[in-house]
Structure formats: structure tokens, C-alpha cells
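> Give me coordinates for this.
(3 chains)
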Amino acid sequence: MALDFAKHLMQWYNTNKRHLPWRLTNDPYAVWVSEIILQQTRVDQGMVYYQRFMKAWPNVSALAKASEDDVLKLWQGLGYYSRARNMHATAKLIVQNFNGSFPSDYNTIKSLKGIGSYTAAAIASIAFGQTFPAVDGNVQRVLSRVFGVLEAVDGKTGKKQIDDLSWQHIDNEDPGNYNQAVMEFGALQCLPANPQCGQCIFRESCYALLNGLTASLPRKQKKPTQKIRYFNYIWMRWQSGNQSWVALDKRLHNDIWKGLYEFPMIETEKPVHFDEITLLPAFQQLVQNNRFNIRAQSAPVTHQLTHQKIIAKFFHLNFETPLDLMKENKLSLINQSEIGNYPIPRLIDRYLQQNEF
DNA sequence: AATGCGGGGAT
DNA sequence: ATCCCAGCATT
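Here you go, the predicted structure:
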């Protein structure tokens, strides 16, 4: 199986690989330039920059002699500008400390500014033929799907599993092309969304495909940054005997509440103040008559939370609906929604037309 | 383990 | 709008 993966992959690579300029050479400088440019950058976008960069500074010493401003200028529009600054600094360091020739030792390569474990492995394998698996986003995706890495690939254990797999399957005879083959496979076949599984060479053995997990692998543990937004609503409270009642406004689709105030209220990025809200005339009257204690609330919530959860949390479910009292007070209960085991009364527009409560 | 760093393409 | 891209350095 271990041999099979690399063998099939290399065959696929030979017939399907794209013809890219940095694949025409094993010059460590060219490999370095291409790898830095391609960090978090699509091939299509980086291509032009690579050509211009190599034309402007074809080797380490040329780059070392350039001014940082010129390097940054060429980098303009590519993003992650520390890449350019690091390259320039590293070129000067290579001239100073390594006599202008790119180091071939993995740990030395990795010690250079802007070169981490991925780039060091890529340079060591592609330029110097050493067996170091280069693990990037493509590799994480391909290996986690084909071999079924269920742990998060950015977590400790998942990373270890990917690392083990990549050492297990790397082609010692041609590590540089093996590394590029996995990445190319990830970029052309095993796509993040809508992978081309129908014509995939691993379709009969791929763990993810066989278990219907292609869409959910690789798993990531990093949760998306949660935006705080505010669900705004008005709640009313009134006493009747020993009972305290609460009425909420009605939620419509798209997180809009409507009914108690003039304009539909919608989710906002900042809390809403009561002053900013205009109640419908009928309710203004009720407030003036001290029949109701009425407040506006803005509840900070993460977007994922449902309206029901917000209400439940806000009121701590500390009220029970006295249906009888509702009727006695001539409030027609139009709708109930279950929150947990507690029914919550909702006011709807019909109430507003009844001036008598 | 989490963040910041960027611009662009695909969905 | 959100995710992701041939990641790395810093905290």
C-alpha cells in the first residue's frame, strides 16, 4: 500500500503535471524563489511575479545587491510583504556567510529567515534530492482524505499523523518529484471543494470517498473567529397578583423583529439604545399609563446562536405562562413556542389593535 | 495554541 | 460573504 500510493501518484504526475517555469531547473536559488512566492499564493497569481523576479535578480548575489525598495516594489500586489524583506535579508546573509552558495543542509536551510519546515523540505528535496516530505495545505488534504486522518490536521495529533504518513509514503528515489506530485494532485484533483473523485486514481481505496467524508476532511480545529452581533428586541413586563409576566416581540425571517415599534428592528453590530426606538402609538400610551414596564435589550450573541437560545439564556427560564391570567386579562394568546419545556407567550400585531388589555 | 500578515479566485 | 491558497514568525 505504501509503495502503491507513491507509484500511482508519480504515474499520475508524469502525465498530468502542469508545465511551470520553476520545474525546468533544480537550481536552489530558483527553487527558493518559487517556494517563497508560492507560500499561501496560487500558482496562477505567483507565475508572473516569479518570471519578473528571476529576470531582475537571476541569482543570490544579484538579489543581495538590490535595494530593499526595489525588491518590495516588484513584490507589490502579491501580499505578505515580509516574504520579500526576508528574502532580501537572506540573500545578503548567504553572500556573507555561505560565500554566495545556497546551503544544502536541511537544518541550515530551515534556519534562514522566511523558511519554515515546509519550504526547507521543498528546497532540500527538489534542489538537493534529499528525502524530506514537504507538508503544505495540499498534502494535508490529500493524505487526510486518502488515508482517513480524522483528527484535526492543525492539531498536535493530526499533525503527527500527517507527518508519519508523509514519511511513510515519500519516494526515496525521487523525493522532489514526489513532493510536487502530492501538491499537484491536491491542486488539480483532490480539490478543497468538489474534488474530482469520479476520475480519481484512488477512488477505490480513498478512505474519505468510501466513507462519504470528502467534504469534511481535512478537519480543522481552529474555530472561525466569532463575530459579536446584537439581537435587539423589546420586552415588556407587568405584574398581576404575584405573577410577573413577560412578553417578547416576534421574530421574523432574517433576524428581523417587528410588532412593538415603528420600524422593523434588525441585528446590528452595536447595541441599540432605547432612545433610538420609536414605539408604536398604542404602546407609547401603555407606557405612559404605567401599565407596563418596558425595556429595550440588545443581547450580544455569536451569530450561530438561535433566537430561542438567546431568549432562554436572557430570561433564565424563570417564568411560567399563566394561561388563565392571560385570558382574564383579555389577552389573546395567538402563538406559543416551546423553549425547553416552557411555553413563551408572543405578542403579535393583533394585540396592538386592541386598546383594551 | 493563537494571531497577524494580503491579495485574489472559487463557490 | 466565506474559504482557501506550494506558510512563517511571534506571542
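> Quick check: nearest residue in space to the closest residue to DNA strand B within the stretch 1-150 of chain A, chain neighbours excluded?
Nearest residue of the stretch 1-150 of chain A to DNA strand B, counting by C-beta to the nearest atom of the strand: A:Gly79, 2.5 Å away. All C-beta spots, glycine's among them, are computed from the backbone N, C-alpha and C. Spatially, and ignoring its direct neighbours in sequence, A:Gly79 is nearest to A:Thr41 (7.4 Å; C-beta to C-beta, 6 or more residues apart in numbering).
> Check the secondary structure at the one you found for me.
Three-state assignment for A:Thr41 (DSSP: H, G, I helix; E, B strand; the rest coil): coil.
> mind listing what it touches?
With contact taken as C-beta atoms under 8 Å, 6 or more residues apart in numbering, A:Thr41 is in contact with A:78-80.
> ok, stretch A:102-114 near DNA strand C or not?
Yes. Counting by C-beta under 7 Å from any atom of the strand, DNA strand C has neighbours in stretch A:102-114: A:112-114.
> which other residues reach that stretch?
With contact meaning C-beta under 8 Å, 6+ apart, stretch A:102-114 is reached by A:28-29, A:32, A:36, A:60, A:82-83, A:86-87, A:89-90, A:93-94, A:115-117, A:119-121, A:123-124, A:127-128, A:130, A:132.
> ok, how many other residues are close to the single nearest residue of the stretch 101-250 of chain A relative to DNA strand B?
Closest contact between the stretch 101-250 of chain A and DNA strand B, by C-beta to the nearest atom of the strand, is at A:Lys156 (4.0 Å). Residues lying near A:Lys156 (other C-beta atoms under 10 Å) number 10.
> per-domain residue ranges of chain A.
Domain ranges of chain A: A:5-210, A:227-354, per automatic domain parsing.
> rank those domains by mean pLDDT and give me the bottom one.
When the domains of chain A are compared by mean pLDDT, domain A:227-354 comes last with a mean of 44.
> Which residues of chain A lie near DNA strand B?
Counting by C-beta under 7 Å from any atom of the strand, chain A comes close to DNA strand B at A:40-42, A:44-45, A:77-82, A:155-156, A:193-194, A:221-222, A:225.
> ok, of the residues you listed, which come out buried?
Neighbour-count burial (16 or more other C-beta atoms under 10 Å) applied to these gives A:41, A:78.
> ok so, going back, got a ChimeraX select line for the buried ones in the contacts of stretch A:102-114?
Burial among the contacts of stretch A:102-114 is assessed by 16+ other C-beta under 10 Å; the matching ChimeraX selection reads:
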select /A:28,29,32,36,60,83,86,87,89,90,94,115,119,120,121,123,124,127,128,130,132
